[in-house]
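**Student:** Here is my input; please provide its structure:
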Amino acid sequence: MLKKISMTVLTLMLMFVFLLIPSSSLAARAVPKGKLESTREMRAVWIASVYNLDWPSKKGLPVAEQKQEFIRLLDEIKAMNMNAVIMQIKPTADAFYPSAYGPWSEYLTGTQGKDPGYDPLEFMIEEAHKRGLEFHAWFNPYRITMNHTDLSRLSADHPARQHPDWTIAYGNQLYYNPGIPETQDFIIGGIEEVVKNYDIDAVHMDDYFYPYKIAGVPFPDQETYETYGKKAFTHIEDWRRDNVNQLVKQINDTIKKEKPYVKFGISPFGVWRNIKDDPAGSNTTAGMTNYDDLYADTREWIQQHDIDYVTPQIYWSIGFQAAAYDVLTKWWSNEVKGEPVHLYIGQAAYKINQNSDPAWSDPEEYFRQIELNRQSQLVQGSMHFSLKDLNRNPLNVKDRLIEESYRKPALIPEMPWLHQKAPKKPIIQSVKKTADGAALQIKNDPHSTVSYYAVYRLTNKGTYELLQTVRKEKGAITTIKDLPVNQKKMDTYKITALNRLHHESKPSTKIVK
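**Tutor:** Numbers count the residues shown, from 1 in each chain. All right, here's what the predicted structure looks like:
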């Protein structure tokens, strides 16, 4: 009997203690455990300004119209669940920003050197970041003109007019001579200017180093070689490659010295060398290669860790005889294996439904390529050329990206070699239901490296699925709005904080009833 009374007293005492525990603590104990599920995949798109290919749509648009166009493009990119833009800000030794290294671009106002009345680069970066998109500033290092070699047609303040000895004509274009040391210093200074003055996420260069060869026309740099290179290099080709190698190395060193978190990536032509010319080359028979024709030794940059990512332009179909997409994807994957360099693939959106190769008329070709990328742990995403080609929606590719391949959002892959600690987990201050769902308020730590927040929701499978990312707002609070709420049962959310290099904190949890 005494034992029964003692058990009854103990039970009552435990019930009393239970009632004293705050309901929030009980809820925390009841939070379902589950894995955070998010894809890490680069999904970027090129926005070309040369010839007004993507933006602005034409020269001389009013400022308000230019801005509206760009905002609309970003909204379309975001709707495709992309997470980065590669914006061409220096297409022809000019600038989309006030610069000491080049005049205002004619593609803005119609007149080279004419101030557009605002800073397009600052505007573009701010709008991209608002939407959670990385901004990769795309430079063309050597190209001065597109369709003439007349220095007098350049704006009066153009550095090429002030230093005509730095220039070299080839075909119907003018270039800064890659073999002149002062030219290299000038190009590096022009990139450093942007890294210092703007909140970019990456510096990006494409496949234009030494110009694409014109049949039967040698590049006219023999005199430059004799002045600067002949003592150290027996062959002019080795000297040219060294010029580009030194430029790439010095650009990376300059970027990292100024802002260690800013990435440096290059998107070269898709073939380094053919196997018939080099046992280390790819099993291809391409008529042109980086190493032999553009003097771009891409393998050297990877092996010397002079770049953070490489995006070969594999602009051919799977099984294409001279240069197959699948063969080259495997070759590039092997090149980055074990190296602190990310591999993304340059995807040829511009070829879809064109007559160059019957494969591009197959609605499945583009998606087979993306799926092939995903089968390799070494391919970490895609960059699509270019935005206008996706927006024209050939063979419904844009619709299918939205509905299928890119249906769910993705976080950008981390680069562990760019050291930055993950932030502390976010502090959720409040939650409230709204007419459109629920809203969470997160306390911003002014001393934190947080760049944005990731929002996960508990699924029926017991895992937490990535819903969206939200840029950290200025001020004390970031509000995450319009979270979906199940009216019949509670919803559980996990929120993580990420820095600009996409290192992710541990999650904080909130239950919405």
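
**Student:** C-alpha only now, for contacts and for neighbours.
**Tutor:** Noted.

**Student:** Please list all residues in contact with A48.
**Tutor:** D54, W55, M87, Q88, S386 (C-alpha atoms under 8 Å, 6 or more residues apart in numbering).

**Student:** Narrow those to those in strands?
**Tutor:** M87, Q88 (DSSP state E).

**Student:** Nearest to E365 among the contacts of A48?
**Tutor:** Nearest to E365 out of the contacts of A48 is S386 (C-alpha to C-alpha; 16.9 Å).

**Student:** Quick one: residues contacting the closest one.
**Tutor:** V45, W46, I47, A48, D54, A348, A349, Y350.

**Student:** among those, which two are most distant?
**Tutor:** D54 and A348 (15.1 Å).

**Student:** For the spatially closest residue to P413 that is not a sequence neighbour, the count of nearby residues, please.
**Tutor:** Nearest residue to P413, sequence neighbours excluded (C-alpha to C-alpha, 6 or more residues apart in numbering): R40, at 5.0 Å. A count of nearby residues for R40, using other C-alpha atoms under 10 Å, gives 15.

**Student:** what do you get for P268?
**Tutor:** 24.

**Student:** Against F186, how distant is the closest residue to it other than its chain neighbours?
**Tutor:** Leaving out its chain neighbours, the residue that sits closest to P268 by C-alpha to C-alpha, 6+ apart is D207, at 4.3 Å. For D207, the distance to F186 equals 20 Å [C-alpha to C-alpha, to the nearest Å].

**Student:** any idea how far stretch 39-46 is from the chain center?
**Tutor:** 7 Å (C-alpha atoms, centre = their mean, to the nearest Å).

**Student:** Give me the buried positions along it.
**Tutor:** E41, M42, R43, A44, V45, W46 (16 or more other C-alpha atoms under 10 Å).

**Student:** Contacts for it, please.
**Tutor:** Under C-alpha under 8 Å, 6+ apart, the answer for stretch 39-46 is 77, 81-88, 344, 380-387, 409-413.

**Student:** quick one on the thing from earlier: mind putting the buried residues of stretch 39-46 into CSV with pLDDT?
**Tutor:** Shown next, in CSV, are the buried residues of stretch 39-46 (pLDDT from 0 to 100):
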residue, pLDDT
E41, 98
M42, 98
R43, 98
A44, 98
V45, 98
W46, 98
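
**Student:** gap between the two ends of stretch 465-480?
**Tutor:** Start-to-end, stretch 465-480 (C-alpha to C-alpha) is 16 Å.

**Student:** Please apply the same query to stretch 248-268.
**Tutor:** First residue to last in stretch 248-268 (C-alpha to C-alpha) measures 12 Å.

**Student:** So which bits of that stretch are buried?
**Tutor:** Buried-residue list, stretch 248-268, by 16+ other C-alpha under 10 Å: 248, 250-252, 254-256, 261-268.

**Student:** cool, stretch 217-225 as well?
**Tutor:** D221, Y225.

**Student:** Compute the first-to-last residue distance for that stretch.
**Tutor:** End-to-end for stretch 217-225, by C-alpha to C-alpha: 17 Å.

**Student:** Give me the contact list for it.
**Tutor:** Here stretch 217-225 has contacts from I168, A169, Y170, N177, G179, I180, K213, I236, W239, using C-alpha under 8 Å, 6+ apart.

**Student:** Then stretch 246-264?
**Tutor:** Contacts of stretch 246-264 (C-alpha under 8 Å, 6+ apart): 184, 188, 191-192, 195-196, 200-204, 301, 306-309, 418-419, 500-501.

**Student:** Return the subset of the buried residues of stretch 248-268 lying in helices.
**Tutor:** V248, Q250, I251, N252, T254, I255, K256 (DSSP state H).

**Student:** Next, format those residues as TSV and append distance to R471 and pLDDT.
**Tutor:** Putting those into TSV (distance: C-alpha to C-alpha, whole Å; pLDDT from 0 to 100) gives the following:
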residue	distance to R471	pLDDT
V248	32	98
Q250	32	98
I251	29	98
N252	27	98
T254	28	98
I255	24	98
K256	24	98
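
**Student:** Count the neighbours of N444 for me.
**Tutor:** N444: 19 neighbours (other C-alpha under 10 Å).

**Student:** Moving C-terminal from the helix or strand of the chain with the lowest mean pLDDT, which element do we reach first?
**Tutor:** Here the helix or strand of the chain ranked lowest by mean pLDDT, DSSP states H and E is helix 23-29, holding a mean of 36. Counting by DSSP states H and E, the next helix or strand C-terminal to helix 23-29 is strand 36-37.

**Student:** Neighbouring strands - and their directions - for that following strand?
**Tutor:** Strand 36-37 has the following sheet partners, assigned by DSSP bridges: strand 464-471 (parallel).

**Student:** Past the partner strand, which element shows up next along the chain?
**Tutor:** In N-to-C order, the element after strand 464-471 by DSSP H and E is strand 477-483.

**Student:** That next one: how far from the chain's middle?
**Tutor:** Here strand 477-483 is found 26 Å from its chain centre; the criterion is C-alpha atoms, centre = their mean.
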